[in-house]
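Engineer: dropping the sequence and predicted coords here.
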Amino acid sequence: MGNPGARLSAALDQRSQHQSILAAAKHGPLQSLTDRELDAREKPMTVYPRPKRVRAWVRFGPESVRVDAKLMRSTPLAAGIEFRAEDQVFRCWVWGNAVTLVDEAI
């Protein structure tokens, strides 16, 4: 029925990531691409009814941190992501090359 050590390790990794996110958030607001950078009026946007799991680099003020996130929408150049830290939900747009799909096959 699974490996309890692996589940504990995953829980500790998640807790550590949440602490890193909250620490970075003290350095400034979450950065997001501007409407001008997204060029949403000219570029097609895809909305994912089943969000994909990704790893993404985000910035809080000058502080960057890599997070486990959900890919909620995208344009040809950008990704709209959502991620959590404890009871807070964060949403932002980042450049597409700041995002890596997570292999969900186990």
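Structural biologist: Nice, thanks for sending it over.
Engineer: buried residues in stretch 84-101?
Structural biologist: The neighbour-count check on stretch 84-101 (16 or more other CB atoms under 10 Å) flags Arg84, Ala85, Phe90, Cys92, Trp93, Val94, Ala98, Val99 as buried. In this view, the C-beta of every residue, glycine as well, is placed from N, C-alpha and C.
Engineer: closest one of the residues you listed to Val65?
Structural biologist: The closest of the buried residues of stretch 84-101 to Val65 turns out to be Ala85 (CB to CB; 9.7 Å).
Engineer: tell me who's in contact with the closest one.
Structural biologist: Gln17, His18, Ile21, Leu22, Ala25 (CB atoms under 8 Å, 6 or more residues apart in numbering).
Engineer: need the three-state assignment for the second one.
Structural biologist: I take that to be His18. Secondary structure of His18, reduced to three states by DSSP: H, G, I helix; E, B strand; the rest coil: helix.
Engineer: can you tell me the closest non-neighbouring residue to it?
Structural biologist: Leaving aside its sequence neighbours, His18 sits nearest to Ala85 (CB to CB, 6 or more residues apart in numbering; 4.3 Å).
Engineer: and that neighbour, backbone torsions?
Structural biologist: When read as degrees, to the nearest 10, the backbone of Ala85 gives phi -140, psi 110.
Engineer: tell me the confidence at it?
Structural biologist: pLDDT for Ala85: 91.
Engineer: bridged to it, which residues?
Structural biologist: Note on Ala85: beta-bridge partners by DSSP bridges are Gln88.
Engineer: so who does the nearest residue to Phe60 once chain neighbours are set aside touch?
Structural biologist: Spatial nearest neighbour of Phe60, excluding adjacent residues (CB to CB, 6+ apart): Ala24 at 4.3 Å. By CB under 8 Å, 6+ apart, the contact list for Ala24 reads Phe60, Glu63, Ser64, Val65.
Engineer: for the residue nearest to His18, give its distance to Val54.
Structural biologist: Ala85 sits 16 Å away from Val54, going by CB to CB, to the nearest Å.
Engineer: same deal with Trp95?
Structural biologist: Using CB to CB, Trp95 is found at 13 Å from Val54.
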